[in-house]
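Enquirer: Dropping a prediction and its sequence here:
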Amino acid sequence: MARSAALVEEDVAIRMVLQRLCVEGARLGVAFQDQRGSFPILTEDGERLAFRMEHEAIAAWGLEPGDSLALKFKDRGLEYECVVAHVGREVMEGVEACLATVPRVLRRSDMHRLADFIPDFAAQNQVATFTNTRNALIDGLVQSFGEEGLELVLRNSKQDVRELLRMGEESLLDVPLAANLRLRAPTTVAYFGENLVGLRFTKQADGALLERYRAWIQDQQRLQAQQDREAFSPRGFKESLERSVQGAALPSARLLVDRDPVLLLLTEREDFARRLGEAMGRKFGLVTLDYIKGPVKAQIAPVSGGEGWGRVRMVLIHNQLRLTGALDLCRQLVQKEGCTLPILLLGTEEDEAKKRHHSVAAGAVDYIAVEPFRILATLRKLDETLKLFEGA
């Protein structure tokens with residue numbers, strides 16, 4: 001049984017992964033010494049890859065050719081890490097980029113998961129049902145297929161799977177896979193992820209049925225590998241760069257929640273913007289902009305409700321931006337656009353104290369960890385900051 005490999009070492013397979021990331025416009029987590037950042041991947045050509053990073057940031061990091069960079073990213077829902085060498089900087093069609101070698105090895109960093117195979121599309125629609133010890137029938141969707149179990153998410157995304165199941169709890173799984181194959185197997189709860197649950201097959205599961213299920217996974221892997229070979233471009237991939245540059249001329253701000261006071265959220269993550277709007281919509285209005293480049297003030301004018309910053313009373317900069325970094329955008333707002341509104345930077349809780357220091361140095365009021373997202377704590381911080389500046 002071919003499992004998802006802990007290591008990807010074949011050159012073409014590595015390039016296929018990088019090209020998929022380019023197609024998706026995915027981001028690379030990049031680390032160098034005590035520096036951390038998240039940057040969109042732009043191109044790969046078999047010898048080097050490029051990711052969006054302003055040359056000012058490259059200099060601030062102290063990067064020199066030959067320095068080793070640690071990369072982290074997700075491909076088809078699986079987490080990988082690798083090491084590459086920094087080889088220089090370049091302006092690619094108007095976009096400042098950092099250049100690095102193509103990695104020789106990709107290492108999976110989530111081998112504890114029951115996730116040997118994640119299809120591009122099928123898993124999103126693969127319906128499943130499972131139970132808990134209270135005999136409740138739960139509707140789910142398969143997130144990933146594993147040799148020893150599956151990962152599932154709830155069909156009702158507003159429910160919390162931890163409210164329905166507990167660690168170690170027994171569950172009866174039922175997944176129709178094909179016209180002649182239906183997987184019915186007893187499982188136990190092995191772990192929880194972000195609103196997903198990993199269900200591991202127990203010793204009581206039908207061995208012959210599991211072998212048929214594993215053979216089905218192999219067939220699906222072969223089909224997907226064939227599609228990957230057909231989509232692979234030996235000359236490399238540059239479409240994501242061309243698309244990002246073309247899109248740079250078409251920024252669009254949206255009034256997501258119409259209520260005073262209005263906050264401005266700058267992010268490329270539509271799902272995060274929607275989630276924030278739902279969480280704080282009873283208290284704050286929200287204008288959201290998938291920022292690319294140029295003056296922010298001019299881009300929000302059509303929806304901000306007035307001259308200057310209009311109804312906007314505070315700016316939130318998410319750590320995931322399409323073509324720039326949060327610190328660079330904060331400096332632009334303060335130094336070039338003369339923004340006197342309070343600015344908060346939003347991101348993960350990793351190295352939170354250091355990120356807060358860098359944020360304040362760039363002109364922000366503070367840094368808030370929103371991953372994991374804690375609604376009450378976030379609302380409290382936004383309210384306190386707004387009241388502080390309104391009273392100034």
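Expert: Thanks, I have it.
Enquirer: Any buried residues in stretch 201-220, and which?
Expert: Residues of stretch 201-220 classed as buried: 201, 205, 212-214, 216-217, 220 (neighbour count, 16 or more other Cβ atoms under 10 Å). All C-beta atoms are positioned from the backbone trio N, CA, C, and that covers glycine.
Enquirer: Stretch 308-318 too?
Expert: Along stretch 308-318, these residues count as buried under the neighbour rule (16+ other Cβ under 10 Å): 309-318.
Enquirer: what's in contact with it?
Expert: With Cβ atoms under 8 Å, 6 or more residues apart in numbering as the test, stretch 308-318 has contacts from 260-269, 272, 276, 285, 287, 296-297, 300-301, 304-305, 326, 329-330, 333, 339, 341-347, 364, 370, 382, 385-386, 389-390.
Enquirer: Separate out the buried members of those.
Expert: 262-269, 272, 276, 285, 287, 296-297, 300-301, 304-305, 326, 329-330, 333, 339, 341-347, 364, 370, 382, 385-386.
Enquirer: Which ones among the residues you listed map onto strands?
Expert: Cross-referencing the buried ones among the contacts of stretch 308-318 against strands under DSSP state E gives 262-266, 285, 287, 343-347, 370.
Enquirer: so who does residue 30 touch?
Expert: Counting by Cβ under 8 Å, 6+ apart, residue 30 has contacts 36-39, 51, 53, 69-71, 98.
Enquirer: hmm, which of those residues are the buried ones?
Expert: With neighbours counted by 16+ other Cβ under 10 Å, these contain buried members at 36-39, 51, 53, 69, 71, 98.
Enquirer: State the distance from residue 326 to residue 318.
Expert: 7 Å (Cβ to Cβ, to the nearest Å).
Enquirer: anything in contact with each of those two?
Expert: With Cβ under 8 Å, 6+ apart, residue 326 and residue 318 have common neighbours 346-347.
Enquirer: can I get the contacts of residue 30 in TSV with distance to residue 291?
Expert: Below are the contacts of residue 30 laid out as TSV (distance: Cβ to Cβ, whole Å):
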residue	distance to residue 291
36	21
37	16
38	15
39	15
51	18
53	16
69	25
70	27
71	24
98	20
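Enquirer: pLDDT below threshold where in this structure?
Expert: Residues of the chain that meet the criterion pLDDT under 70 lie in 1-4, 121-125, 239-251, 306, 391-392.
Enquirer: What residue spans form the domains of it?
Expert: Per automatic domain parsing, the structural domains of the chain span 7-110+231-242, 122-205, 248-390.
Enquirer: With distance to residue 224 added, can I get those in JSON lines?
Expert: Formatted as JSON lines, these follow (distance: least, Cβ to Cβ, whole Å):
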{"stretch": "domain 7-110+231-242", "distance to residue 224": "9"}
{"stretch": "domain 122-205", "distance to residue 224": "9"}
{"stretch": "domain 248-390", "distance to residue 224": "25"}
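Enquirer: Hmm, residue 172 and residue 133 touching each other?
Expert: No: using Cβ atoms under 8 Å, residue 133 makes no contact with residue 172, being 10.2 Å away.
Enquirer: More neighbours: these two, which one.
Expert: Using other Cβ atoms under 10 Å as the criterion, residue 133 and residue 172 rank with residue 172 on top: 15 against 10.
Enquirer: I'd like the distance between that one and residue 206.
Expert: 12 Å.
Enquirer: got it, and residue 234?
Expert: For residue 234, the distance to residue 206 - Cβ to Cβ - is 45 Å.
Enquirer: can you check residue 345 too?
Expert: The gap separating residue 345 from residue 206 is 53 Å, by Cβ to Cβ.
Enquirer: Give me the secondary structure label for residue 57.
Expert: Three-state call for residue 57 (DSSP: H, G, I helix; E, B strand; the rest coil): helix.
Enquirer: Spatially, and excluding backbone neighbours, which residue is closest to it.
Expert: Nearest residue to residue 57, sequence neighbours excluded (Cβ to Cβ, 6 or more residues apart in numbering): residue 325, at 5.9 Å.
Enquirer: Does the one you found touch residue 37 like I think?
Expert: Yes: between residue 325 and residue 37 there is a contact at 6.4 Å, judged by Cβ under 8 Å.
Enquirer: Give me the common contacts of these two.
Expert: Contacts common to residue 325 and residue 37, judged by Cβ under 8 Å, 6+ apart, are 53, 57.
Enquirer: Residue 146: what's it in contact with?
Expert: Contacts of residue 146 by Cβ under 8 Å, 6+ apart are 113-117, 198.
Enquirer: In JSON lines: those, plus distance to residue 128, neighbour count and secondary structure.
Expert: Output for the contacts of residue 146, formatted as JSON lines (distance: Cβ to Cβ, whole Å; neighbours: other Cβ atoms under 10 Å; DSSP: H, G, I helix; E, B strand; the rest coil):
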{"residue": "113", "distance to residue 128": "17", "neighbour count": "22", "secondary structure": "coil"}
{"residue": "114", "distance to residue 128": "13", "neighbour count": "22", "secondary structure": "coil"}
{"residue": "115", "distance to residue 128": "15", "neighbour count": "26", "secondary structure": "coil"}
{"residue": "116", "distance to residue 128": "17", "neighbour count": "22", "secondary structure": "coil"}
{"residue": "117", "distance to residue 128": "15", "neighbour count": "21", "secondary structure": "strand"}
{"residue": "198", "distance to residue 128": "13", "neighbour count": "23", "secondary structure": "strand"}
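Enquirer: Please compute how far stretch 173-189 lies from its chain's middle.
Expert: Its chain's C-alpha centre and that of stretch 173-189 lie 30 Å apart, by Cα atoms, centre = their mean, to the nearest Å.
Enquirer: So which residues make contact with that stretch?
Expert: So stretch 173-189 is contacted by 126-130, 142, 149-150, 165-172, 197-202, 204-206, 209-210, 212-213, 216 (Cβ under 8 Å, 6+ apart).
Enquirer: With that, I have no additional questions.
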